[in-house]
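**Q** Sequence first, predicted coordinates after that:
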Amino acid sequence: SADVFLFPSLSETFGIVTPHLSGDVDCRGMDETACASPERMLLELRGVAYRDALANDAALASARAAYQAGQEKLPQGRALLLPSLDLGASTIWNEEEIQTRSNGITTDYNYNSNGAKLTLMQPIYRRQNWAAYEQGKLQSAVAEIQYAAAQQGLILNVAQAYFDVLLAQDNVTLAATQKK
């Protein structure tokens, strides 16, 4: 039946239905070596190739980094709408020497002056901040779409390589048959 899968990992990885191939048996619950048909090995190889491509493809890694950077645009834009808090502190050591004219007595004053400030600022409306926030939302969405496109491109590349191998195997078989 078409709803029984030989390889659930492939259906999870590719998001496609993999029905029984002609002459295969249902491999669920069986020992791996007991169910090692050539078709099964090819399908598993396809799954391994895709997992390896996910881990090692430079274009996908670049797209993933761009996606992660694009996802940061939304919080950066949102931050412009939030209040800003400024905290500052200072300390100054003062040394004063005061001499009175009338009696010539000199008095030394040594003391520390400290200061601190806390400022909270919330703009009521800044058009450029709202525009930056909206741009951040759009840039985040674009990054997500570009990453999905890169993933689809990788799937296509792996599938093309897989079918190229199958074609090459068929050509070898055909050449061997014609040679006989």
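**A** Arrived safely, thanks for sending.
**Q** Which residue lies nearest the spatial centre of this protein?
**A** By C-alpha atoms, centre = their mean, the chain has its centre lying nearest to Q68, at 4.2 Å.
**Q** And it, how far from Q152?
**A** From Q68 across to Q152, the span is 18 Å (C-beta to C-beta, to the nearest Å). Every residue, glycine included, has its C-beta placed from N, CA and C.
**Q** N110 now?
**A** When N110 is compared with Q152 (using C-beta to C-beta), they lie 74 Å apart.
**Q** now swap in S140 and tell me
**A** 19 Å.
**Q** Which one of those two is surrounded by more residues?
**A** The neighbour comparison of S140 against Q152 (other C-beta atoms under 10 Å) goes to S140, with 20 against 10.
**Q** Can you point out the helix or strand that includes Q169?
**A** Taking DSSP states H and E as the definition, Q169 sits inside helix 127-179.
**Q** centre of the chain versus that helix, how much separation?
**A** Going by C-alpha atoms, centre = their mean, to the nearest Å, the spacing between the C-alpha centre of helix 127-179 and its chain's C-alpha centre is 16 Å.
**Q** ok, now stretch 116-134?
**A** Between the centre of stretch 116-134 and the centre of its host chain there is 29 Å, according to C-alpha atoms, centre = their mean.
**Q** That stretch - what's its average pLDDT?
**A** For stretch 116-134, mean pLDDT is 92.
**Q** Which residue, neighbours along the chain excluded, lies closest to Q151?
**A** Nearest residue to Q151, sequence neighbours excluded (C-beta to C-beta, 6 or more residues apart in numbering): L60, at 6.8 Å.
**Q** My error: substitute N129 in the last question.
**A** For N129, ignoring the flanking residues on the chain, the nearest one in space by C-beta to C-beta, 6+ apart is L80 at 4.0 Å.
**Q** what's the spacing between the one you found and D52?
**A** From L80 across to D52, the span is 42 Å (C-beta to C-beta).
**Q** With S90 instead?
**A** To D52, S90 is 59 Å away according to C-beta to C-beta.
**Q** Report the buried residues of stretch 51-65.
**A** Buried positions in stretch 51-65, judged by neighbour count with 16 or more other C-beta atoms under 10 Å: 53-54, 57, 60, 63.
**Q** Ignore what I typed, I meant stretch 112-131.
**A** Within stretch 112-131, the residues scored as buried using 16+ other C-beta under 10 Å are N129.
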